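Undergrad: From the sequence below, what's the structure:
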Amino acid sequence: IVPVPLHPNKQRERGFNQAGVIATLVGRKLGIPVSHNLIIKVREPKQQKSLSRSGRQHNMTRAFRIQRTVLQSLPYPVQHIALLDDVITTGSTLNQLAKQLRSSGVERVDGWALARAAKRNVAMPSSPI
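TA: Below you'll find the model as predicted:
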């Protein structure tokens, strides 16, 4: 499991990476190793929530870097990675990272998230589920 990283400045400001916390808990429960340093965020893009779908896709270009030395130094071959994020809105972040991981030699990349943002103008249930 690889959590989607925050930019170092954002993580310092917040004090933690919510995707990293979730990944640690899920990895422990499922007995799956978690790598917190395989991907680093090298550029802080604009806030995604105010952008259109195409704007989000463009915004994520070159925001992340795969640490190939970390990938190569792992004690097991990495053929399958589960990227974990807290919320998926359009999937732009996970899609961008999946492309980069596949180009680094990872055969299969799955996207996991705790929640998915609802589409606009979709009626939400008024009572708890």
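
Undergrad: Tell me the buried residues in stretch 14-30?
TA: By neighbour count, and taking 16 or more other Cβ atoms under 10 Å as the criterion, the buried residues in stretch 14-30 are 17-20, 22-24, 26-27. Bear in mind the C-beta positions are built from the backbone N, C-alpha and C, glycine included.

Undergrad: Among these, which are located in helices?
TA: Mapping the buried residues of stretch 14-30 onto helices (DSSP state H) picks out 18-20, 22-24, 26-27.

Undergrad: mind putting the residues you listed in CSV, distance to W112 included?
TA: CSV is the format used below for these (distance: Cβ to Cβ, whole Å):
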residue, distance to W112
Q18, 13
A19, 10
G20, 13
I22, 9
A23, 9
T24, 13
V26, 8
G27, 11
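
Undergrad: Leaving out sequence neighbours, find the closest residue to G111.
TA: Counting by Cβ to Cβ, 6 or more residues apart in numbering, the nearest residue to G111 once its immediate chain neighbours are dropped is L94, at 4.0 Å.

Undergrad: burial count for the one you found?
TA: By other Cβ atoms under 10 Å, the residues close to L94 number 20.

Undergrad: how near is it to I39?
TA: Distance, L94 to I39, using Cβ to Cβ, to the nearest Å: 11 Å.

Undergrad: any residues in contact with both of those two?
TA: V4 (Cβ atoms under 8 Å, 6 or more residues apart in numbering).

Undergrad: residue ranges with poor pLDDT in the protein?
TA: Along the chain, the parts satisfying pLDDT under 70 run over 44-57, 59-61, 75, 120-129.

Undergrad: do that again at 90, thanks
TA: The model of the chain has pLDDT under 90 over residues 6-11, 40-79, 89-93, 104-105, 107, 116-129.

Undergrad: which residues in it form helices?
TA: Listed in chain order (using DSSP H), the helices of the chain are 8-14, 18-30, 53-59, 68-73, 92-103.
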